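**Student:** Below is the structure, and that's it, no one-letter string:
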């Protein structure tokens with residue numbers, strides 16, 4: 001199966017976790033786009049969605065799925081999103097699509113985080129994928145130097161030759177050369193650095209379940225047991 005087929009497989013499988021009559025939290029990215037397409041086939045069963053990015057909001061609206069602001073709703077039953085990496089404990093690296101801050105907000109508002117990914121995203125230790133960090137622009141240089149002091153390499157993510165601007169008006173620093181053995185501690189530490197909006201380690205908002213697309217079908221990893 002191709003990677004796109006694996007993404008479509010888990011996107012459809014995630015429908016089993018959508019609670020009828022409720023508002024579903026929806027993430028961002030190519031795998032989530034497959035879930036949104038699947039969600040459109042059952043849109044009459046849900047009240048609507050809360051989205052983690054402008055891109056996903058546009059896609060949901062185009063398919064006739066009502067989109068609510070986080071502040072308009074209370075706790076969500078489930079948040080469904082992809083990951084750039086996920087380990088065997090359900091800790092993740094996210095933010096390849098530059099939506100990490102809003103993703104973390106919606107995840108924190110949800111009782112359950114269902115991660116959908118293809119099997120290439122499952123890793124033993126986080127850090128091989130460049131770690132995204134959303135930063136306030138005036139702090140970019142200092143944050144990059146702090147990562148340098150850890151022995152890592154940091155660079156500002158560019159788009160069309162200029163710093164990418166997130167939906168929140170901030171920049172993304174991508175960090176390589178990390179081995180994140182303690183995701184909880186690492187997330188807590190970096191989030192305290194002045195100028196960091198959020199770091200793309202999702203440990204405090206880790207996955208409850210991961211639906212992993214494999215050539216043999218969907219493999220379910222349950223991290224609540």
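**Tutor:** Looks like it arrived, so ask away. Every value quoted in this text rests on a predicted model; they were computed, and no experiment measured them.
**Student:** residues in contact with the most centrally placed residue in the chain?
**Tutor:** Against the mean C-alpha coordinate of the chain, by CA atoms, centre = their mean, the closest residue is residue 94 at 4.5 Å. Counting by CB atoms under 8 Å, 6 or more residues apart in numbering, residue 94 makes contact with 81-84, 100, 103-104, 132, 200, 202. Heads up, the C-betas are built off the backbone N, CA and C, glycines and all.
**Student:** And it, how far from residue 149?
**Tutor:** Here residue 94 is placed at a distance of 24 Å from residue 149 (CB to CB, to the nearest Å).
**Student:** Which residue of this protein lies farthest from its centroid?
**Tutor:** By CA atoms, centre = their mean, the chain has its most distant residue from the centre at residue 149, 26.8 Å.
**Student:** and stretch 97-114, average pLDDT?
**Tutor:** Per-residue pLDDT over stretch 97-114 has a mean of 98.
**Student:** Centre of the chain to it, how far?
**Tutor:** In terms of CA atoms, centre = their mean, to the nearest Å, the centre of stretch 97-114 is set 6 Å apart from its chain centre.
**Student:** Go through it and flag the buried ones.
**Tutor:** Of the residues in stretch 97-114, those scored as buried under the neighbour-count criterion (16 or more other CB atoms under 10 Å) are 97-107, 109-110, 112-114.
**Student:** from those residues, which two are the most distant?
**Tutor:** The most widely separated members of those are 98 and 112, with 24.4 Å between them, by CB to CB.
**Student:** following the strand or helix carrying residue 105, which helix or strand shows up next?
**Tutor:** Taking DSSP states H and E as the definition, one finds residue 105 inside helix 100-108. Per DSSP H and E, the first helix or strand lying C-terminal to helix 100-108 is strand 113-118.
**Student:** neighbouring contacts of that following strand?
**Tutor:** Residues lying outside strand 113-118 but in contact with it, judged by CB under 8 Å, 6+ apart, are 3, 6-7, 10-11, 13-14, 17, 31-32, 35, 78-83, 86, 90, 92, 107, 202, 205-214.
**Student:** Report the buried members of these.
**Tutor:** Buried, going by 16+ other CB under 10 Å: 6-7, 10-11, 13-14, 17, 31-32, 35, 78-83, 86, 90, 92, 107, 202, 205-213, out of the contacts of strand 113-118.
**Student:** how about the helix or strand containing residue 189: buried residues?
**Tutor:** With elements delineated by DSSP H and E, residue 189 resides in helix 183-191, which encompasses its position. By neighbour count, with 16+ other CB under 10 Å as the criterion, the buried positions of helix 183-191 are 183, 186-187, 190.
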